[in-house]
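Colleague: the sequence and its predicted three-dimensional model are supplied below.
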Amino acid sequence: EGKGKKRNSLHDFKKTGELMLIKVNKTLEVKTKLLNTTEQCAKRCSRNKGLSFTCKAFAYDRVTKRCHWLSFNSLTNGVRKKQDHAFDLYEKKDYVRNCIIGKGADYKGTISVTKSGIQCQAWNSMIPHEH
């Protein structure tokens, strides 16, 4: 990252074109607003600015230029995927990646068992293995 260059917030998101998420579980939250670019949507989602929930994804309506911030992603229970040519879905990589980066302190994925099926050890536990 060079001096004076701003980091593009979209780098933190995985894009899936022509897809929208529909919440079946009514407790899941969504907030929408007119915004001109996906970059503006991503920045607001990353900072959770003006949102009463942790933003895990957003869908951008290319036709109406409307951003839909989501408290859920495609892996959340109570959500279904819908093909929609007007939308592009952007999911925070931290919530959809199933690998550990670095020491794993920020891991938010869904994998909690080893390749052989053994339950993973909690990060704050020294049993059965020391770190």
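Modeller: Thanks, I have the structure now.

Colleague: who's in contact with the residue positioned nearest the centre of the chain?
Modeller: With distances taken as C-alpha atoms, centre = their mean, the chain has residue 92 as the residue nearest its mean C-alpha position (2.6 Å). By C-beta atoms under 8 Å, 6 or more residues apart in numbering, the contact set of residue 92 is 12-14, 45-46, 55-57, 73. Just so you know, the C-beta spots here come from the backbone N, C-alpha and C atoms, and that holds for glycine as well.

Colleague: any idea how far residue 29 is from residue 83?
Modeller: Noted for residue 29: a distance of 23 Å to residue 83, by C-beta to C-beta, to the nearest Å.

Colleague: biggest strand in the protein, by residue count?
Modeller: strand 79-92 (DSSP state E).

Colleague: restricting to C-alpha, output it in PDB.
Modeller: The C-alpha coordinates for strand 79-92 follow below in PDB (Å, rounded to 0.1, in the frame of the first residue of the first chain):
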ATOM      1  CA  VAL A  79     -31.700 -17.500   4.200                       C
ATOM      2  CA  ARG A  80     -32.300 -18.600   0.600                       C
ATOM      3  CA  LYS A  81     -30.500 -17.600  -2.600                       C
ATOM      4  CA  LYS A  82     -32.400 -16.100  -5.500                       C
ATOM      5  CA  GLN A  83     -31.100 -15.500  -9.000                       C
ATOM      6  CA  ASP A  84     -31.700 -11.800  -9.800                       C
ATOM      7  CA  HIS A  85     -30.100 -10.100 -12.800                       C
ATOM      8  CA  ALA A  86     -30.400  -6.600 -11.100                       C
ATOM      9  CA  PHE A  87     -28.300  -7.600  -8.100                       C
ATOM     10  CA  ASP A  88     -24.700  -8.400  -7.200                       C
ATOM     11  CA  LEU A  89     -24.000 -10.000  -3.800                       C
ATOM     12  CA  TYR A  90     -20.900  -9.000  -1.800                       C
ATOM     13  CA  GLU A  91     -20.200 -11.200   1.200                       C
ATOM     14  CA  LYS A  92     -17.500 -10.300   3.800                       C
END
